[in-house]
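Engineer: Here is my input, please return the structure:
(one chain, ligands or ions: 1)
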Amino acid sequence: MKRVYFLLAFSAFGWNAYGQKTIDQKVAELLSKMTLEEKVGQMVQYSGFEYATGPQHSNSAAVLEEIKKGKVGSMLNVAGSEETRSFQKLAMQSRLKIPLLFGQDVIHGYRTTFPVNLGQAASWDLGMIEKSERIAATEAAAYGIHWTFAPMVDIARDPRWGRVMEGSGEDTYLGTKIGLARIKGFQGRGLGSLDAVMACAKHFAAYGAAVGGRDYNSVDMSLRQLNETYLPPFKAAAEAGVATFMNSFNDINGIPATANQYIQRDLLKGKWNYKGFVVSDWGSIGEMVPHGYAKDFNEAAERAIQGGSDMDMESRVYMAELPKLVKEGKVDAKLIDDAAGRILTKKFEMGLFDDPYRFSNEKRQKEQTDNQENRKFGREFGAKSIVLLKNQGNILPLSKTTKTVALIGPFGKETVANHGFWSIAFKDDNQRIVSQFDGIKNQLDKNSTLLYAKGCNVDDQDKTQFAEAVETAKKAVVVIMTLGEGHAMSGEAKSRSTIGFTGVQEDLLKEIAKTGKPIILMINAGRPLIFNWAADNIPTIMYTWWLGTEAGNSIADVLFGTVNPGGKLPMSFPRTEGQIPVYYNHYNTGRPAKNNTDRNYVSAYIDLDNDPKYPFGYGLSYTDFKYSDMVLSSASLTGNQALNISVTVSNTGKYDGEEVVQLYIRDLFGKVVRPVKELKGFQKVFIKKGESKKVEFKLTPEDLKFFDDNLNFDWEGGEFDIMIGTNSQNVQTKRISWSK
Ligand code: NOJ
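Structural biologist: As a prediction, this is how the structure comes out:
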């Protein structure tokens, strides 16, 4: 008992159970010693001298001097044990010796790159996603990095937006689960572990809903939609203890996210009680001037701090303006203490005050430079991210003894391209990346031949290489074509108004098809592309995204059947750009189109079907899965009961395989209209050929909740359709009633 009082007394004064000060206490003490400029200094982040993702103000000599004066809290794009150590040494020359935080865009791997994030999402494998971030964190931390600007948890329904590649697609439920897995992976055993980096939920908020899919563009939507569709992954991230948030370039209903009090103060730091800190996006504080929300940088700084932005990434506005604003009484000094305090707290949690160099360790860096175990995992993960769209006539899997195989297309011998966008740790060491050609060649029987022809470039009109490609195809038994969009055509600032294969690639495909040879088409992209001619005319299509360091091996594993593909699309694939946005969980409207033929005075296009070319959740396997015996524990429930749902899935084909079993619901009537389907659960199950598995789900009223027009989050009694199936279109349905 005495011990309890003793402990309570200690903690009341900010000491922990062992008589040491708590972090709160240490932060308060430190703040009390700091000048206003030093506090604002903590809120300043500059970029190192590479990898700008926006206009750079780089004056390296001046930046180094400012670090020595304690006027910089964090650097991004400074990496490597040596480089981080040398920057940290400068910070140690400052009056209070406050260490720097080093941030970096570790987006889909670091030294070992994994599939682009949208490709990873197609694996629907939360365990693997978490593990990939664990590896990324271990590698990045070994390079002196403390903080990654990931995960991007923006829901995105518009594939013209290049950054769909960085997210988890169109669905809030799937996106939330994946976001949580990533945070767990990055932060590992917790901040302070030498293999953990601080994660950052970005871009807060609704950046993925930019009008027209044009990057950085405005967002205009109801608060209901914002709360229901776009914010849940962020709320879940905050609850899971993500260390930081990054806000976004866009305005939301006229107020830039960077200064958005509703988003950052009322919700994040208010209702959600978030204790981490918020970094602006690159230059987004200063950009409130061209937005027309602040007349100059002075006003931009004021609005950003009032709006809850704690750290200024590269606007160079906070240091120039905030001290003045505080002295003039326009900004409350408490806001500065709060922001600087949040940042210092993370530095303490990372153990940087105990040893500012603890992440800058040459030995660990060496161990993680080319880690074979990590590559092995990357290979498996790559294969799990591939989505088989079509396998007419079961051309796949291909026999390794196929006599002559031709690989044709601009990506066949590419190395760097396989990283996709954001492969920041790579620079020029191309030799580490397995090309598609090498991956296939290594697995083909030694008595077989792999021919190659580039056929065309990624994005020009030159057809001079067609003839050689056609001749090559004619010599082969089967042709593998590798087409798509350039690897840097999706990502930041990579919006496209047309999203087909670039250049003359489709013409090349048509020429090769004329040879009559069986074609396996591999599509390389960071976003859903539109490829109707290929979809309708080519028998075998796999969507390979950009798979990272081990791309060639992952692809060959699937081509030759070592791995049976089980990926499912995390976004609907449109038929034409005019159909965008097309997403599975839309409302029904008052005039729903019943089918694709009767288009008269219903919500339809007169010239196009409503459904996508490939639906959300779609993906084939080399084997066949049959769904049967869908059983619900009750058809009529009351109050806080739970509904148990089961279904039997049988592998009736010739190969062992994995299936993602998907559970959707529809709330038939509501205070506000409800989507025609909402994903509420999924399970990835491995089933041996000839075997069956019973797959079980459970729903509670919590799963039925939604935001009404007054932003109340609750459920209503009524009728619900419960749907289980292999994708969002192909489901079995049972109706229940559930009263409150
Ligand atoms: C701008 C991007 O929007 C953001 O996601 C990224 O983290 C920063 N640049 C830093 O590179």
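Engineer: all contacts plus neighbour counts: C-alpha atoms, from now on.
Structural biologist: Fine.
Engineer: which residues does whatever residue of the stretch 401-550 of the chain ends up closest to the ligand contact?
Structural biologist: At 6.6 Å from the ligand, Glu492 is the closest residue in the stretch 401-550 of the chain, using Cα to the nearest ligand atom. With contacts taken as Cα atoms under 8 Å, 6 or more residues apart in numbering, Glu492 has the following neighbours: Gly162, Arg163, Asp215.
Engineer: what kind of secondary structure is the last one in?
Structural biologist: Put plainly, it is Asp215. Using DSSP: H, G, I helix; E, B strand; the rest coil, the structure places Asp215 in coil.
Engineer: Helix, strand, or coil at the closest residue in space to it that isn't next to it in sequence?
Structural biologist: Nearest non-adjacent residue to Asp215, counting by Cα to Cα, 6 or more residues apart in numbering: Ala493, 5.6 Å away. Secondary structure, three-state DSSP: Ala493 is coil.
Engineer: count of neighbours near Ala493?
Structural biologist: By the measure other Cα atoms under 10 Å, the count of residues near Ala493 is 16.
Engineer: Name all residues that make contact with it.
Structural biologist: Applying Cα under 8 Å, 6+ apart, the residues near Ala493 are Gly162, Arg163, Asp215, Tyr216.
Engineer: again with Asp125
Structural biologist: When contacts are counted by Cα under 8 Å, 6+ apart, Asp125 touches Lys684.
Engineer: For Gly566, see how far away it is.
Structural biologist: Separation of Asp125 from Gly566 (Cα to Cα, to the nearest Å): 10 Å.
Engineer: Same question for Tyr110.
Structural biologist: 25 Å.
Engineer: Break down the stretch 501-650 of the chain into its helices, ranges please.
Structural biologist: 505-513, 532-537, 551-559 (DSSP state H, counting those that start in this stretch).
Engineer: buried ones in the shortest one?
Structural biologist: Within helix 532-537, the residues that qualify as buried by neighbour count (16 or more other Cα atoms under 10 Å) are Ala534, Ala535.
Engineer: now swap in the first one and tell me
Structural biologist: With burial defined by 16+ other Cα under 10 Å, the residues of helix 505-513 counted as buried are Gln505, Glu506, Leu508, Leu509, Glu511, Ile512, Ala513.
Engineer: sorry, back to before: could you tell me how far the residue of the stretch 401-550 of the chain closest to the ligand is located from Gly420?
Structural biologist: Counting by Cα to Cα - Glu492 and Gly420 are separated by 12 Å.
Engineer: before we move on, the earlier item: ok, so of the contacts of Glu492, who is nearest Pro539?
Structural biologist: Gly162 (28.2 Å; Cα to Cα).
Engineer: count of neighbours near that closest one?
Structural biologist: Residues lying near Gly162 (other Cα under 10 Å) number 24.
Engineer: now swap in Glu468 and tell me
Structural biologist: Residues near Glu468, counting by other Cα under 10 Å: 14.
Engineer: can I assume it sits in a helix?
Structural biologist: Yes. Assessed with three-state DSSP, Glu468 lies in a helix.
Engineer: and it, what does it touch?
Structural biologist: For Glu468, the contacting residues are Ala453, Gly455, by Cα under 8 Å, 6+ apart.
Engineer: For it, report the pLDDT, please.
Structural biologist: We have a pLDDT of 98 for Glu468.
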